[in-house]
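Engineer: With the input below, show me the fold.
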Amino acid sequence: MNPDPARAPGAPPAEPSQRVPDARGAASQDRWDDPIDGDTGSEPAFKPLTREQAQDLRARLPTMSAWSLLTWQAAAGAVMVALWGLLSLQGDKTWSALFGAVSVVVPNALMAWGMTRRSTVESGSPLLSFMVWELVKIILAVAILVAVAAGFPSLSWAALLSTLVVTLKANWLALLRRGRIRK
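Structural biologist: Residues are numbered from 1 along each chain as shown. Sure thing, here's the model as predicted:
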């Protein structure tokens with residue numbers, strides 16, 4: 001979609017005096033400085049916090065450890081495995097549900113371990129470390145799922161995928177319990 005209807009695709013940007021007003025009556029811009037909802041005049045909607053305000057915010061909202069989120073995921077996986085076992089009374093479906101939970105919890109545990117090691121925390125490039133451990137997590141999760149699909153002939157995809165999804169989404173339960181998500 002062409003942001004400036006008066007300009008042909010590939011043509012250089014128009015001078016400010018030649019710009020065509022958009023639906024709001026403002027001249028279209030070629031930069032990402034469009035006004036944000038809530039901006040009033042020269043006062044932006046986002047204001048950086050002072051050092052004291054940031055420290056106060058950190059004190060009021062303590063961080064949640066990766067291990068507590070992992071505990072929530074493992075608990076959600078265990079509940080799903082128990083539900084599949086009790087409701088279906090079939091071992092294959094219970095094992096499939098267990099494989100779904102393991103394909104989430106084990107890679108996340110490895111990533112949590114890797115990210116919380118002292119050498120990783122003190123390193124100069126936490127973003128690179130995060131990306132490496134995220135890649136390891138994805139590769140391990142895919143390897144587990146491929147191994148299960150290839151090596152477990154009576155796999156129940158419904159049990160595996162439902163448990164996998166619920167286990168993945170257990171982070172939201174932990175955040176709701178901590179009051180991080182406001183209604």
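Engineer: could you pull out the helices for the protein?
Structural biologist: 51-60, 66-88, 91-116, 118-122, 126-151, 157-168, 170-178 (DSSP state H).
Engineer: Could you pull up the residues touching Leu70?
Structural biologist: Val105, Asn108, Ala109, Ala112 (C-beta atoms under 8 Å, 6 or more residues apart in numbering). All C-beta spots, glycine's among them, are computed from the backbone N, C-alpha and C.
Engineer: Just give me the closest of those residues to Asp56.
Structural biologist: Distance to Asp56 across those (C-beta to C-beta) is lowest for Ala112, with 28.2 Å.
Engineer: pLDDT wise, what is the closest one at?
Structural biologist: Among the per-residue scores, Ala112 holds a pLDDT of 88.
Engineer: Not counting sequence-adjacent ones, nearest residue to it?
Structural biologist: Leaving aside its sequence neighbours, Ala112 sits nearest to Ala66 (C-beta to C-beta, 6 or more residues apart in numbering; 3.9 Å).
Engineer: That neighbour and Gly114 touch, don't they?
Structural biologist: No. Between Ala66 and Gly114 there is no contact under C-beta atoms under 8 Å: 10.0 Å.
Engineer: For the chain, which helix or strand comes out least confident on mean pLDDT?
Structural biologist: Within the chain, confidence by mean pLDDT, DSSP states H and E is lowest for helix 118-122 among all helices and strands, at a mean of 64.
Engineer: Output stretch 81-96 as CSV - backbone C-alpha positions only.
Structural biologist: The C-alpha trace of stretch 81-96 is given here as CSV (Å, rounded to 0.1, in the frame of the first residue of the first chain):
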residue,chain,number,x,y,z
VAL,A,81,-1.5,-36.3,31.7
ALA,A,82,-3.6,-37.3,34.7
LEU,A,83,-6.8,-36.1,32.9
TRP,A,84,-6.0,-38.0,29.8
GLY,A,85,-5.1,-41.1,31.9
LEU,A,86,-8.3,-41.0,34.0
LEU,A,87,-10.7,-40.0,31.3
SER,A,88,-9.5,-42.2,28.5
LEU,A,89,-8.3,-45.2,30.6
GLN,A,90,-5.9,-45.9,27.7
GLY,A,91,-2.2,-46.1,28.2
ASP,A,92,-1.4,-44.9,24.7
LYS,A,93,-3.2,-41.7,25.2
THR,A,94,-1.6,-41.2,28.6
TRP,A,95,1.9,-41.8,27.2
SER,A,96,1.1,-39.4,24.3
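Engineer: buried residues in that stretch?
Structural biologist: Val81, Leu83, Trp84, Gly85, Ser88, Lys93, Thr94, Trp95, Ser96 (16 or more other C-beta atoms under 10 Å).
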